[in-house]
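**Q** Below are the sequence and a predicted model; questions follow.
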Amino acid sequence: MRRPILAGNWKMNLTIAEATDFVRSIRRGLNEIKDVDRVLCPPYTALATVGELVSATEIEVGAQNMYWEEKGAYTGEIAPSMLKELCQYVILGHSERRAYFGETDEGVNRKIKAALAQGLKPIVCVGETEDQYDAGETEAVVSSQLRGGLTDLSAAQVAGLVIAYEPVWAIGTGKAATPAGAGAVIGMHIRGTISELYDESTAQAVRVQYGGSVKPSNVAEFMSHPDIDGALVGGASLKPDFVELVRIASEVASQIA
Ligand code: PGA
């Protein structure tokens, strides 16, 4: 049984003051929901504050990026050991980092290894652009992002990862993938690639989220798909009804279990 995991990717939103108000408004409701991992991913600047605000709850915290080196002359970067003091998870290889900040599969691979070495749990993002989707390249893109990103990781390490399938054309557009479409990519291409690289039990153990315009009104359909274990939520994670979204996800997951 894979435990569902819902993560809110706040991206570059909320000051410390705004984050404080927001977390105070959702933490009780979010904490009451059972049988699902709940992760809030604020910007670096709010990690410590959010961590303190949820410290007496089951809510966990994640960062949105990190560098792979442990220390040194890397102005503006954040090391895994620094995050380790602040959070449990780290989002790696988000498509916005790939598109705007030049992240490569090789860099994502280094980051995954560095995160695991510190006991951080990576949420590794993969997904095709609209042009790649239109050209029928989804399988090739997702498979090569995984092969590059997972290079030299052991089966046990891969089994412990969270992978987020986020088609770039669905992110922030209001145009979510269909649950059947996303489920097929996850089941056939993501679990399929992991099964080829490792084995079927590793492919079945890894948790895979869908991300891209997930909201309270469509999360149930995604959670109903047997290959989808949760969601990475951007815009809708900044609204109070993120609690409702997570509650619906947990209810659907417990019905299928
Ligand atoms: P969205 O973003 O939910 O706003 O589409 C998802 C993401 O980028 O992780």
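**A** Everything's here; your move.

**Q** my guess is E77 contacts W68, does it?
**A** No: look at E77 against W68 with CB atoms under 8 Å: they stay out of range, at 9.1 Å. C-beta coordinates here come from the backbone N, C-alpha and C atoms, glycine included.

**Q** Could you pull out the strands in the stretch 1-150 of the chain for me?
**A** In the stretch 1-150 of the chain, the strands defined using DSSP state E, counting those that start in this stretch lie at 5-9, 37-41, 60-63, 89-92, 121-126.

**Q** Export those strands as CSV, with columns for mean neighbour count and distance to K175.
**A** CSV is the format used below for those (neighbours: other CB atoms under 10 Å; distance: least, CB to CB, whole Å):
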stretch, mean neighbour count, distance to K175
strand 5-9, 26, 18
strand 37-41, 25, 23
strand 60-63, 24, 25
strand 89-92, 25, 22
strand 121-126, 26, 18
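
**Q** which one of those lies closest to T15?
**A** Closest to T15 of the strands of the stretch 1-150 of the chain is strand 37-41 (CB to CB; 15.1 Å).

**Q** So what's the model's average confidence on that closest one?
**A** Averaging pLDDT along strand 37-41 gives 98.

**Q** How about it and the ligand, any contact?
**A** No: counting by CB under 6 Å from any ligand atom, no contacts exist between strand 37-41 and the ligand, the nearest distance being 8.9 Å.

**Q** so who does A7 touch?
**A** Taking CB atoms under 8 Å, 6 or more residues apart in numbering, we find A7 in contact with 38-41, 62, 89, 91, 123, 162, 164, 209, 230-233, 237.

**Q** Can you tell me what sits against stretch 177-197?
**A** The contact list for stretch 177-197, computed with CB under 8 Å, 6+ apart, reads 126, 138-139, 142-143, 146-147, 150, 158, 163, 165, 167, 170, 202-204, 206, 208, 210, 212, 218, 221-222, 224-228.

**Q** In strands only, show me those residues.
**A** Under the assignment DSSP state E, the contacts of stretch 177-197 contribute 126, 163, 165, 208, 210 to strands.

**Q** ranking those residues by neighbours, who comes first?
**A** Most neighbours among the ones in strands among the contacts of stretch 177-197, by other CB atoms under 10 Å: Y210, with 33 neighbours.

**Q** Surely it and I163 touch.
**A** No: between Y210 and I163 there is no contact under CB under 8 Å: 10.3 Å.

**Q** and the residue of the stretch 151-257 of the chain nearest the ligand?
**A** The minimum distance from the stretch 151-257 of the chain to the ligand, using CB to the nearest ligand atom, falls at G234 (2.3 Å).

**Q** farthest pair in the ones in strands among the contacts of stretch 177-197?
**A** V126 and Y210, at 11.4 Å, using CB to CB across these.

**Q** Next one: M66 relative to the ligand, how far apart?
**A** Using CB to the nearest ligand atom, to the nearest Å, we find M66 at a distance of 17 Å from the ligand.
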